[in-house]
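**Q** let's see this in three dimensions:
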Amino acid sequence: QVRLVESGGGLVQAGGSLRLSCVASGGIYSNYGMAWFRQAPGKEREFVSTINYSGTWTYCADSVKGRFTISRDNAKNTLYLQMNSLKPEDTAVYYCTVRGNSGAYSDAKNYNYWGQGTQVIVSS
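**A** All right, here's what the predicted structure looks like:
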């Protein structure tokens, strides 16, 4: 059974930085692409960024481009999201997930296994 555990969220002022981590267990982590999504109160889950199995290719949403960086350390079974220049609109619960099929990167339906999420609050 694959298990994903996110951490690193918290309260930060606008312009600040946070680094999220997601530790995977119970599966062959290094064989799969992974991604970060987020969900703000009252809104649908939103794609943030994705990375291929080896970490050599990444893609992110326009809303975070130039501010957020996704990376992974397969030796540690860990996915990261470095978030800089945070804005109040980045406030959300952030989830990591494992790529399930070859559909659109931004569609949550194309991912299997989700962590419990970590809360990020950006104050203005």
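**Q** can you pull the contacts of S124?
**A** Applying Cβ atoms under 8 Å, 6 or more residues apart in numbering, we find S124 in contact with 14, 88. No exception for glycine: its C-beta is placed from N, CA and C like everyone else's.
**Q** can you read off the pLDDT for it?
**A** S124 is assigned 93 on the pLDDT scale.
**Q** could you do S102 as well?
**A** Listed pLDDT for S102 reads 85.
**Q** how near is the closest residue in space to it that isn't next to it in sequence to S7?
**A** With sequence-adjacent residues excluded and distances taken as Cβ to Cβ, 6 or more residues apart in numbering, S102 is closest to N110, at 7.6 Å. Separation of N110 from S7 (Cβ to Cβ, to the nearest Å): 25 Å.
**Q** swap in G26?
**A** 17 Å.
**Q** now R45
**A** 19 Å.
**Q** for V2, see how far away F68 is.
**A** Separation of F68 from V2 (Cβ to Cβ): 24 Å.
**Q** tell me the secondary structure for S49?
**A** Put simply, S49 is strand when judged by DSSP: H, G, I helix; E, B strand; the rest coil.
**Q** so for the protein, the centremost residue is which one?
**A** Nearest to the geometric centre of the chain sits W36, at 2.1 Å (Cα atoms, centre = their mean).
**Q** if we can go back for a sec, for the residue nearest to S102, what are its contacts?
**A** By Cβ under 8 Å, 6+ apart, N110 lies in contact with 99-104.
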